[in-house]
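**Student:** below are the sequence and a predicted model for it; my questions follow.
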Amino acid sequence: MVSTATRTATHSGVGRITLILIGASIVAVALNALIATAATASGAPAQYGPLLPPAYASMTIVGVVIGWFGWRAVRARARNPRRTLAVLVPVVGVLSFVPDVVLLVTGFVPGTTGAAVLALMTMHVATIAVAVPSYVLASRPQRTATA
């Protein structure tokens with residue numbers, strides 16, 4: 001049987017992680033809004049779908065959440081999680097550019113320009129730059145008060 005103290009600690013841990021991920025998502029979406037604004041100011045089409053708030057906000061949040069589950073999986077399964085993540089995070093970041101390059105080459109979204117694709121790539125970097133420190137923080141054991 002699970003004690004009330006254990007249940008409370010588990011729930012507060014989940015709540016803490018949830019708040020950290022929500023905070024990371026908010027900060028990443030705000031940075032991506034600045035990137036989208038700068039991109040449109042520098043020539044990307046103002047109505048370019050991927051640079052509109054519903055698109056980049058939803059994809060940013062999905063990226064932060066999926067990244068968290070990947071982070072947890074690596075930490076749980078890798079023999080040396082720190083080394084694995086030190087390699088994996090940049091590799092995943094570079095791989096995240098592949099759809100953007102395909103988008104630029106094929107132009108399958110109307111209005112695709114180099115400035116728009118550069119903005120999307122920059123958004124990936126910004127999201128990773130916010131998410132990774134948040135994952136580190138969320139992965140730290142929660143300090144408990146002693147009586």
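**Tutor:** On my side now, so go ahead.

**Student:** phi and psi next, for residue 48.
**Tutor:** Note on residue 48: its backbone torsions stand at phi -70, psi 120 [degrees, to the nearest 10].

**Student:** tell me the confidence at it?
**Tutor:** Model confidence at residue 48, expressed as pLDDT, equals 96.

**Student:** go on, residue 13?
**Tutor:** On the pLDDT scale, residue 13 gets 88.

**Student:** and what of residue 94?
**Tutor:** pLDDT, residue 94: 98.

**Student:** distance from the chain centre to the helix or strand harbouring it, please.
**Tutor:** Using DSSP states H and E, the element containing residue 94 is helix 81-95. Remark: helix 81-95 is offset 14 Å from the chain centroid, using C-alpha atoms, centre = their mean, to the nearest Å.

**Student:** give me the residues contacting whichever helix or strand comes after that helix.
**Tutor:** Next along the chain after helix 81-95, taking DSSP H and E as the criterion, comes helix 98-106. Under the contact criterion C-beta atoms under 8 Å, 6 or more residues apart in numbering, helix 98-106 has outside partners 50, 108, 109, 112, 114, 117, 120, 121, 124. (Each C-beta comes from the backbone N, C-alpha and C, glycine too.)
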